[in-house]
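1. I would like the atomic coordinates for the input below:
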Amino acid sequence: MRTPAFGKVPRGMLAVAALCAAACCTAAQTPSANAARGFETGLYEPDYTSGDLATQSLAFERSAEARARFALIFVSWAGVAPPTKPLGFVPSNPVDPSYDWGAIDAAVRDANARGLTPLMAVTRAPSWAEGPGRPPSGQAPAGTWKPDPGEVGAFARAIASRYSGALPGLPAVRHWQLWAEPNLGVNLTPQFDGKRAVGFDVYRPMLSAFYANVKAVSSQNRVLTGGTAPYGNLTPAGGLTFQRMQPLDFWRGLLCLRQKKRKKGRGGRKLVRVAGCNPPRFGIAAHHPINVGAPTRHALNADDASTPDIGKVRRVIRAGVGNKPIWATEIWWNSNPPSKGVPLKTHARYLAQSFYVLWKQRVPVAVWFEVRDQQTNGVDPIPTSGLFLRDGTPKPALRAFQFPLVGERLSRTRVRVWGLAPTAGKVQIGTRRGAFNRLRALKAGANRVFVGTVRLRHGARLQAKQGAEASLVWRQR
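-> Predicted coordinates for the structure are as follows:
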């Protein structure tokens, strides 16, 4: 929901519903089958491209400390490209002197040096790459108006070539994402033409051009869609900036699908192909399953999708283009202190539980926003979802990110235990009442996931240990 170019989305537009049942996501599977399914974590932090090398380096250092695999690095196309097209400028040339890659080069080098995998997300077009008919200045955010697919493709060729591994001193990048929350008018305009939804028609040719050019550089490159925001308006809102399309509406339109009423007596709607429309190509679908409240809360509206609603997104994608991995490329809660978020212990609990809820729904990667809080007080409405306070003090969420542990009650006496260990090997599971009381050992495979069941009463304080490291205590309900 946060983007470096366009800032915060009003929370009043987010809808939530009642708390879902404990087994809200998928049916139970055998521990061995579950453990074989991995889960990777990532971080997004605006400081990754701050331009100040000390600030930038510290952000990557803390990300490595958190044991993230991915570092999501946003690239402002408008920030890298010249403000106007100079004579002789070749947009597809990665070494054209009119490009300014300084902060991005530094970010890719630093991430790679610390063992992090860069995930590069391109957003915000320069004014000369926006489409015709742009409304007067101020009515649509800069860089959002109908970005030209041909120019998108040229920039994709340039940036993928620059980080292909062929240029001396620059590591290869293999994960690429186009845009941030393309179903929001704050990022891509227009979303609606009157009452007619058009945002997906703007984005579809952009994604096709981006995919073709990134893959042309290397077949090893993986292309992600922009992560869709979890909530939208039920009807078009006034003002281009505030137009918000519900994510399932956006996905159906993007993938050339529409809903059709079933025959009388059968109920519900079915998805049918829109004639003359071709879905874009991509390798990985991305969504931002952000919640207000606990990570087990479903979105209130059928076409919105929060943390436990990945299945709704998956059904649309499968109907449009078949099975695709779905990554959660942004998830967060603000904490208190320093702002009006949830208490620090709840903040850490929600982080770990969101990872489990996503893993149950076969989401292989989740990216947390952010590494460090962006504010120091409880007044300014800017993010405080970090693993660290602004002054660098670690929050409990850091330990939850490094060594998440979650219990899910399956019956009155049985609890499933899930977590991500510091490393492969045995993990001791026990209860904490002063001393650690061992219940059983579970094995974390090469993917570090461990899962199994224990007999546990309500109110027990569950903990996992591996070597000298221990998870936070999980209070089992």
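2. Now do stretch 178-186: distance to the chain's middle.
-> 12 Å (Cα atoms, centre = their mean, to the nearest Å).
3. now the end-to-end length of it.
-> 15 Å (Cα to Cα, to the nearest Å).
4. average model confidence for that stretch?
-> If you average the pLDDT over stretch 178-186, you get 97.
5. just stretch 277-284 next, same as before
-> 98.
6. Check stretch 76-92 too.
-> Here the average pLDDT along stretch 76-92 is 97.
7. what do you get for stretch 312-332?
-> 98.
8. List the buried residues for that stretch?
-> 312-314, 316-317, 319-321, 324-332 (16 or more other Cβ atoms under 10 Å). Using the backbone N, CA and C atoms, a C-beta is placed for each residue, glycine as well.
9. now swap in stretch 123-133 and tell me
-> 123, 124, 125, 126, 129, 130.
10. just stretch 88-104 next, same as before
-> 91, 92, 94, 98, 99, 101, 103, 104.
11. Okay, and which of the buried residues of stretch 312-332 map to helices?
-> Those of these mapping onto helices are 312, 313, 314, 316, 317, 319, 320, 321, per DSSP state H.
12. how about the fifth one, what does it touch?
-> By Cβ atoms under 8 Å, 6 or more residues apart in numbering, the contact list for residue 317 reads 251, 255, 285, 323, 324, 326.
13. now those as a markdown table including distance to residue 396?
-> Supplementary listing: the contacts of residue 317 in a markdown table, determined by distance: Cβ to Cβ, whole Å:
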| residue | distance to residue 396 |
| --- | --- |
| 251 | 35 |
| 255 | 40 |
| 285 | 31 |
| 323 | 37 |
| 324 | 34 |
| 326 | 28 |
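14. rewinding a little: ok, of the ones in helices among the buried residues of stretch 312-332, which one's closest to residue 37?
-> residue 314 (15.0 Å; Cβ to Cβ).
15. Could you report the distance from the spatially closest residue to residue 182 that is not a sequence neighbour to residue 202?
-> Spatial nearest neighbour of residue 182, excluding adjacent residues (Cβ to Cβ, 6 or more residues apart in numbering): residue 226 at 4.2 Å. Noted for residue 226: a distance of 12 Å to residue 202, by Cβ to Cβ, to the nearest Å.
16. cool, and residue 65?
-> Residue 65 sits 40 Å away from residue 202, taking Cβ to Cβ as the criterion.
17. now swap in residue 223 and tell me
-> 18 Å.
18. between those two, which one's more packed in?
-> residue 223 (22 against 19; other Cβ atoms under 10 Å).
19. need the contact list for the more buried one.
-> 176, 177, 178, 210, 211, 214, 215, 281, 282, 283, 284 are the contacts of residue 223 under Cβ under 8 Å, 6+ apart.
20. after the host helix or strand of the fourth one comes which helix or strand?
-> Following DSSP states H and E, one finds residue 210 within helix 199-217. Past helix 199-217, heading to the C-terminal end, the next element that is a helix or strand (DSSP H and E) is strand 222-224.
21. related to what we said a few turns ago, just the ones of the buried residues of stretch 123-133 in helices?
-> Filtering these for helices - DSSP H - leaves nothing at all.
22. Which members of the residues you listed occur in strands, if any?
-> The members of the buried residues of stretch 123-133 that map onto strands under DSSP state E are residue 123.
23. Redo the buried residues of stretch 123-133 as TSV? Include pLDDT and distance to residue 370.
-> Converted to TSV, the buried residues of stretch 123-133 look like this (pLDDT from 0 to 100; distance: Cβ to Cβ, whole Å):
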residue	pLDDT	distance to residue 370
123	98	16
124	98	19
125	98	24
126	98	26
129	98	28
130	98	29
